[in-house]
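Asker: Dropping a prediction and its sequence here:
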Amino acid sequence: MLAFHGDFHEALTQASDSRAILRGWMDRYPQHAADLLEVFAQHIDFGPLPPPPLPAEPDRPDFGAVHRRFLDAARGRTQRPPITALRDELARGRIHLDDAARALRISKTILRKLDSRLIAAATLPDRLVQSLAEQLHRSASELWDYLGQPPTVASARVMAFKATAAPAVDSAQQDFSEALRTDPSLPEEDREHWLEETETAAVWEG
Amino acid sequence: MTWTNDIRRKARAKRLALGHGLDAVVSAMEVLASLKQETGFTREALPYSDPVLMGALALPDREYEAIFEDETLPPEERHCNAAHEFAHLFLHDADAGYELLDLADAEPIPLSGGKVEGYSPRQRREAEANVHAAELLLPGPLSRHLFLEERLPARAIAAALGLPPRVVHA
């Protein structure tokens, strides 16, 4: 089984048409179809895999454990840490906040609200989240995970606070449509674009 | 030299660097436009109840390079608040260790800075920002010129510069 995985992995790595390799191996080893598909899926998702680890007892290897370690190694090598701040993600991609906001057809204020999760995730249009995820080179599900967390206060390091009362850090989140309507810096055509998008989504869901 | 003189000196240097003379009649709006241009910061108006403001009158965000402002305030107050927040950017290290929950002004902090000896570090920073803002928008030489030579009352000076009268009185 170990050699079987290693050979299949090597064949995938060297092949120009990995699908053809999969088909050939499936025809030859139909009894291992599930394993082949899983290794193939990992190869597609994560690129070339590392060689499988050697079993502790070569004479009587625990194939299931070896297989799990093999896949865990592949996942561990490529797994990215979760998003902790949109501004940090954009900075890593050398994307200026203004440029990101412009490309998304939102204002810097709304981007800041998304960053601090001050807009309820359930009210965000899929298309906006998808576009932002593409900018960040993240999956939409990673971004949804971030946006779905409770609101946060921007780092005190970056702010001073001029007020007549203590900051209301537990302020409620806004709906996306409310954020659009109350943002005077948002160009009118962008406001209408996203309001239309959110209304369409509401009709579909309703 | 007292700390207020040092802050005033910095504010005057900033005003000159922005291209505005110390005795030139320049509106607060023009001074703030120059500050925006110099820093790249934008001024973002929001309803008072907006969650970004968290109940603040004004709130700078260094990472987003923006000063968020309560749009329901009169323009003169907004100019003054924005100049105060810009002063924090110029005077105070981003890593000064602000404690957000301790940042609200529980007591009024004097614009002139004359009574703040012995205040907490946080109050001292707020007083410094007030003094810097006031001097930037209405430097001493301009104030003397308008009061003593032009013989304008405080209310007229405030109106001419787009400032709240309390800044002229300070």
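Answerer: Received the coordinates, thanks.
Asker: Return the set of buried residues in stretch A:10-25.
Answerer: A:12, A:21, A:22, A:25 (16 or more other CB atoms under 10 Å in any protein chain shown). No exception for glycine: its C-beta is placed from N, CA and C like everyone else's.
Asker: would you list those in JSON lines and tack on distance to chain B, pLDDT and secondary structure?
Answerer: Shown next, in JSON lines, are the buried residues of stretch A:10-25 (distance: CB to the nearest CB, whole Å; pLDDT from 0 to 100; DSSP: H, G, I helix; E, B strand; the rest coil):
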{"residue": "A:12", "distance to chain B": "43", "pLDDT": "82", "secondary structure": "helix"}
{"residue": "A:21", "distance to chain B": "48", "pLDDT": "83", "secondary structure": "helix"}
{"residue": "A:22", "distance to chain B": "46", "pLDDT": "81", "secondary structure": "helix"}
{"residue": "A:25", "distance to chain B": "51", "pLDDT": "82", "secondary structure": "helix"}
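Asker: for chain B, which spans come out with low pLDDT?
Answerer: Scanning chain B for pLDDT under 70 picks out B:1, B:94-119, B:170.
Asker: which one in it is furthest away from the centre?
Answerer: What lies farthest from the middle of chain B is residue B:149; by CA atoms, centre = their mean that is 25.4 Å.
Asker: For residue B:55, see how far away that residue is.
Answerer: Taking CB to CB, to the nearest Å as the measure, residue B:149 falls 43 Å from residue B:55.
Asker: is any part of stretch B:156-168 close to chain A?
Answerer: No: using CB under 8 Å from any CB of the partner chain, we find that stretch B:156-168 stays clear of chain A, coming within 13.9 Å at best.
Asker: distance between the ends of that stretch?
Answerer: 10 Å (CA to CA, to the nearest Å).
Asker: which other residues reach it?
Answerer: B:25-29, B:74-77, B:79-80, B:111, B:133-134, B:137-138, B:143, B:146-147, B:152, B:154-155 (CB atoms under 8 Å, 6 or more residues apart in numbering or on different chains).
Asker: from the residues you listed, which would you call buried?
Answerer: Of those, these count as buried by 16+ other CB under 10 Å: B:26, B:28, B:76-77, B:79-80, B:111, B:133-134, B:137-138, B:143, B:146, B:152, B:154.
Asker: which of the residues in stretch B:160-170 are buried?
Answerer: B:161, B:162, B:163, B:164, B:167, B:168, B:170.
Asker: Give me the subset of the residues you listed lying in strands.
Answerer: If you go by DSSP state E, those have nothing in strands.
Asker: Return the helix or strand in chain A with minimum mean pLDDT.
Answerer: Ranked by mean pLDDT, DSSP states H and E, the weakest helix or strand in chain A is helix A:63-78, scoring a mean of 62.
Asker: quick check, the longest helix seen in chain A touching chain B?
Answerer: Longest helix in chain A by number of residues (criterion: DSSP state H): helix A:188-205. No: taking CB under 8 Å from any CB as the criterion, helix A:188-205 and chain B are apart, separated by no less than 14.8 Å.
Asker: Convert that helix to CSV, retaining C-alpha atoms only.
Answerer: The C-alpha coordinates for helix A:188-205 follow below in CSV (Å, rounded to 0.1, in the frame of the first residue of the first chain):
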residue,chain,number,x,y,z
GLU,A,188,-24.1,57.4,-6.0
GLU,A,189,-23.7,54.8,-8.8
ASP,A,190,-21.8,52.5,-6.5
ARG,A,191,-24.5,52.9,-3.8
GLU,A,192,-27.2,52.0,-6.3
HIS,A,193,-25.2,49.1,-7.7
TRP,A,194,-24.9,47.4,-4.3
LEU,A,195,-28.3,48.3,-3.1
GLU,A,196,-29.7,46.7,-6.3
GLU,A,197,-27.5,43.7,-5.6
THR,A,198,-28.7,43.3,-2.0
GLU,A,199,-32.4,43.8,-3.0
THR,A,200,-32.1,41.1,-5.7
ALA,A,201,-30.5,38.7,-3.2
ALA,A,202,-33.3,39.5,-0.7
VAL,A,203,-35.9,38.6,-3.3
TRP,A,204,-34.2,35.3,-4.1
GLU,A,205,-33.9,34.4,-0.4
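Asker: Lovely, talk soon.
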